[in-house]
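> Sharing a model prediction with you, sequence too.
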Amino acid sequence: MKIAIAGGGIGGLTTALALTQAGIAVTVYERSSQLVDLGAGITLAPNATRVLYHLGLGPALEQTAVTPPVSEYRHYRTGAVIMRMVPKDYRQLFGVPYLRMHRWDLQEAMINHLAEIAPGALKLNARVEQLESRGSEVKITFGDGRVETADIVIAADGIRSALREKLFSPAPPVFSGYVAWRGLVDTATLPPQLRESAVAFGQGRHINRYLVRRGELLNFVAVAQRTQWAEEGWAIPAPRDEFLDEFSSFDEGTRTILSRAAQGQVFKWGLFGRPWLEQWHSGRVVLLGDAAHPMLPFLGQGGANAIEDAMILARCLASQATPQQAFALYQASRGPRTRKATDEAAKRGERYLGEPTADSLKGDNPEGQYAYDAVAGPLGV
């Protein structure tokens, strides 16, 4: 069986690793001419690290990852702690840890491991332009006019998936009412008391900051309400003065952190919701991760769900007699969970409206989410 994966992001690379481990040959086609550091963090809860450790990435991840000793929610204006939570020992509870990482450290670990177990599987500067299922194969047309075929194509080309649009023609995205900024701060530029992880929120704005890369960098994602926003993207440069002005009502420590972000290294983008797709496959093409179920970032589970998708899809393809049976089992296994997470993520932003209180944070017990086992759990439920 010849499987092609469109997209060399976290979902696509995890899928390649999982399929290779299952003994299935894959080729990953990435449109970029080179994979580069985009300067962002990622949260990897146990439901994600369970898969990554199973795929042999544990040692590489632990070289740079950070496990937060405490999680704090703080009042945006005063900096007062509203709620403090000491995380449980998730390694003891679930067998794998909770990690926070620089996204590039994760992606680089995946790229290196794939090169070890499937040399040459990753093809750069290979933009998949068109897919056409033809009987027992898929015709792949690339941006340069080149044509290849595969038995199955997995479209993992992200939240703004061009392949989803061409295959399913869904309704257009809808602005969520929020705009986000992201950036990194060198912790060497910060006083020791600010080298920490916390969420400061209130009045429709919040800033989630956490340590990555052995604590050498502080990643932040800041979100504010907007009535109108047109641009969607993940790497739109934002004027630092505009950004600082947006969060000028926050406490002094938070403002200090934001002011240390390197000039030209603050990015902003509009957050858009997308219609739910009831079916993720067409012929011999199947969607994965954000291409299948785009998710707003408020739950911190978008990357984790793509990683889960990858493991489940690999298991389905390895266990079923036909691609159609595998896709149906994959959809049945992943649809209800990702629908619930997508809906919850859309609602989660509401907790940051108005004056922050401990009551607005109640009911936030993620252990049910973390217990999900994509590696060995039952399929089809």
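Looks like it arrived, so ask away.
> the helices in the stretch 251-381 of the chain, which residues?
252-259, 302-319, 323-348, 367-370 (DSSP state H, counting those that start in this stretch).
> and the third one, what does it pack onto?
Helix 323-348 is packed against strand 281-282, strand 285-287, helix 302-319, with contacts defined by 3 or more C-beta pairs under 8 Å, 6 or more residues apart in numbering; DSSP states H and E. (Each C-beta comes from the backbone N, C-alpha and C, glycine too.)
> and if we set it to 7 Å?
Judged by 3 or more C-beta pairs under 7 Å, 6 or more residues apart in numbering; DSSP states H and E, helix 323-348 is in contact with helix 302-319.
> cool, the last one as well?
Packing partners of helix 367-370 (3+ C-beta pairs under 7 Å, 6+ apart): helix 46-54.
> If you count neighbours, what's buried in the helix it packs on?
46-54 (16 or more other C-beta atoms under 10 Å).
> returning to that earlier point: just put the helices of the stretch 251-381 of the chain in TSV and tack on mean pLDDT, mean neighbour count and distance to Ala25.
Listed next are the helices of the stretch 251-381 of the chain as TSV, based on pLDDT from 0 to 100; neighbours: other C-beta atoms under 10 Å; distance: least, C-beta to C-beta, whole Å:
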stretch	mean pLDDT	mean neighbour count	distance to Ala25
helix 252-259	96	17	46
helix 302-319	97	25	12
helix 323-348	95	18	15
helix 367-370	88	15	33
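> Out of the ones you listed, the one nearest Gly23 is which?
Closest to Gly23 of these, according to C-beta to C-beta: helix 302-319, at 7.7 Å.
> quick one, what contacts Gln225?
177-178, 204 (C-beta atoms under 7 Å, 6 or more residues apart in numbering).
> With respect to Gln263, which of those is nearest?
Using C-beta to C-beta, these come closest to Gln263 at Tyr178, 24.5 Å.
> okay but the closest one is in contact with Val223, surely?
Yes: assessed by C-beta atoms under 7 Å, Tyr178 is found in contact with Val223 at 5.3 Å.
> what's the straight distance from one end of stretch 116-125 to the other?
By C-alpha to C-alpha, to the nearest Å, the extent of stretch 116-125 from end to end equals 21 Å.
> and that stretch, what's its mean pLDDT?
Stretch 116-125 shows a mean pLDDT of 98.
> buried set for it?
Those would be 118, 121-122, for stretch 116-125 by 16+ other C-beta under 10 Å.
> go on, stretch 62-72?
Going by neighbour count (16+ other C-beta under 10 Å), the buried part of stretch 62-72 is 64-66, 68, 71-72.
> In JSON lines, list the buried residues of helix 46-54 along with distance to Thr227 and pLDDT.
Shown next, in JSON lines, are those (distance: C-beta to C-beta, whole Å; pLDDT from 0 to 100):
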{"residue": "Pro46", "distance to Thr227": "38", "pLDDT": "97"}
{"residue": "Asn47", "distance to Thr227": "35", "pLDDT": "98"}
{"residue": "Ala48", "distance to Thr227": "34", "pLDDT": "98"}
{"residue": "Thr49", "distance to Thr227": "39", "pLDDT": "98"}
{"residue": "Arg50", "distance to Thr227": "41", "pLDDT": "98"}
{"residue": "Val51", "distance to Thr227": "39", "pLDDT": "98"}
{"residue": "Leu52", "distance to Thr227": "39", "pLDDT": "98"}
{"residue": "Tyr53", "distance to Thr227": "44", "pLDDT": "98"}
{"residue": "His54", "distance to Thr227": "45", "pLDDT": "98"}
